[in-house]
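Got a predicted structure here, sequence first:
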Amino acid sequence: MKIGTDGVLLGAWTPVAQNPFSILDIGTGTGVIALMLAQRCDAELVDALELDEDAYEQAVENFEASPWGDHLFCYHAHLYEFATEIEDTYDLITCNPPFFEGNAPQAEQQGSAREQARFEESMPFELLVASANQLLNPNGMFSVVIPYNREQEFIDLAARGNLFPQKITRVKGNAQVEAKRSLLLFSRTQTTPQKDELIIEISRHHYTEAYQELVKDFYLKM
């Protein structure tokens with residue numbers, strides 16, 4: 001599975017100034033977000049969760065090959081199973097969730113493993129929010145990247161799980177197009193969220209200064 005922009009954005013954007021001791025990345029794929037967070041902070045425990053067997057095996061391999069292998073651990077389980085059985089809670093939870101709800105066109109349903117991984121059947125937003133609420137420490141933070149057109153839906157769901165937006169960043173491919181993604185940061189504190197916008201490109205493969213500043217520590221060449 002290729003490294004997607006969504007995961008890189010979330011891994012770079014998620015705040016770590018609160019110095020989390022424990023981190024959980026839900027649906028880690030090949031482990032990119034967990035690895036980015038391990039690089040960015042001194043968390044003693046970085047757990048990851050992945051259902052797909054091939055992705056899980058690659059995540060484990062990537063974790064073991066990294067400089068932070070002694071802090072990283074990947075669970076091979078469904079989110080519902082994990083949330084109902086584990087007793088740990090976390091200072092920071094992240095997720096780049098699958099976006100479809102089983103209603104994608106048939107051609108997409110018959111597509112590649114990467115496309116299949118985007119389907120929301122294995123991790124509906126309701127399950128994600130309920131699990132984050134259960135697994136998050138009282139003062140913890142929860143960050144996600146979702147389609148912009150589902151931003152309010154997710155915020156409303158999160159509120160029912162006692163999670164409230166602290167920061168919202170809307171991501172645009174370039175200045176001329178509509179926002180495509182929303183980066184959302186939640187906590188248990190009700191407040192007026194900070195809102196801003198991130199534009200990725202000025203023109204094709206010509207990246208904005210803001211985007212380069214955000215992700216520069218993770219690319220060998222931009």
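That came in fine, so what should we check first?

you'd agree residue 13 is up against residue 183?
Yes - contact criterion CB atoms under 8 Å: residue 13 and residue 183 qualify, at 5.1 Å. The C-beta positions use only the backbone N, C-alpha and C, and glycine is treated the same way.

Between these two, which has more neighbouring residues?
residue 183 (23 against 19; other CB atoms under 10 Å).

Surely residue 125 and residue 97 touch.
Yes - with contact defined as CB under 8 Å, residue 125 counts as touching residue 97 (7.0 Å).

Now do the shared contacts for residue 13 and residue 183.
143, 169, 198 (CB atoms under 8 Å, 6 or more residues apart in numbering).

Rounded mean pLDDT for the helix or strand harbouring the last one, please.
Assigned by DSSP states H and E, residue 198 belongs to strand 194-199. Taken as a whole, strand 194-199 carries a mean pLDDT of 98.

which other helices and strands contact it?
For strand 194-199, the contact count by 3 or more CB pairs under 8 Å, 6 or more residues apart in numbering; DSSP states H and E identifies strand 164-172, helix 209-215 as packing neighbours.

Pairing partners for whatever helix or strand comes next after that strand, with directions?
Sequence order places strand 201-203 as the next helix or strand after strand 194-199, per DSSP H and E. Here strand 201-203 is paired, per DSSP bridges, with strand 206-207 (antiparallel).

need the helices for the chain, in chain order.
Ranges of helices in the chain, per DSSP state H, are 5-13, 32-40, 53-65, 79-85, 106-109, 113-117, 125-135, 151-160, 209-215.

could those go into TSV alongside mean pLDDT and distance to residue 191?
Shown next, in TSV, are the helices of the chain (pLDDT from 0 to 100; distance: least, CB to CB, whole Å):
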stretch	mean pLDDT	distance to residue 191
helix 5-13	96	19
helix 32-40	97	24
helix 53-65	96	34
helix 79-85	94	26
helix 106-109	42	38
helix 113-117	52	34
helix 125-135	95	18
helix 151-160	96	12
helix 209-215	96	23
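
List the contacts of residue 89.
So residue 89 contacts 22, 135, 136, 137, 140 (CB under 8 Å, 6+ apart).

between these, which is nearest residue 47?
Using CB to CB, residue 22 is the member of those that sits closest to residue 47, with 7.4 Å.

wait, doesn't residue 181 sit right on residue 149?
No - counting by CB under 8 Å, residue 181 does not reach residue 149; the two are 9.9 Å apart.

So for those two, which residue has more residues nearby?
When neighbours are counted by other CB under 10 Å, residue 181 and residue 149 differ, and residue 181 comes out ahead with 24 against 12.

Name the nearest residue to the more buried one, sequence neighbours excluded.
residue 171 (4.1 Å; CB to CB, 6 or more residues apart in numbering).

re the thing from before, highest average neighbour count across the helices and strands packed on strand 194-199?
Counting by mean count of other CB atoms under 10 Å, strand 164-172 has the highest mean neighbour count of the helices and strands packed on strand 194-199, with a mean of 18.
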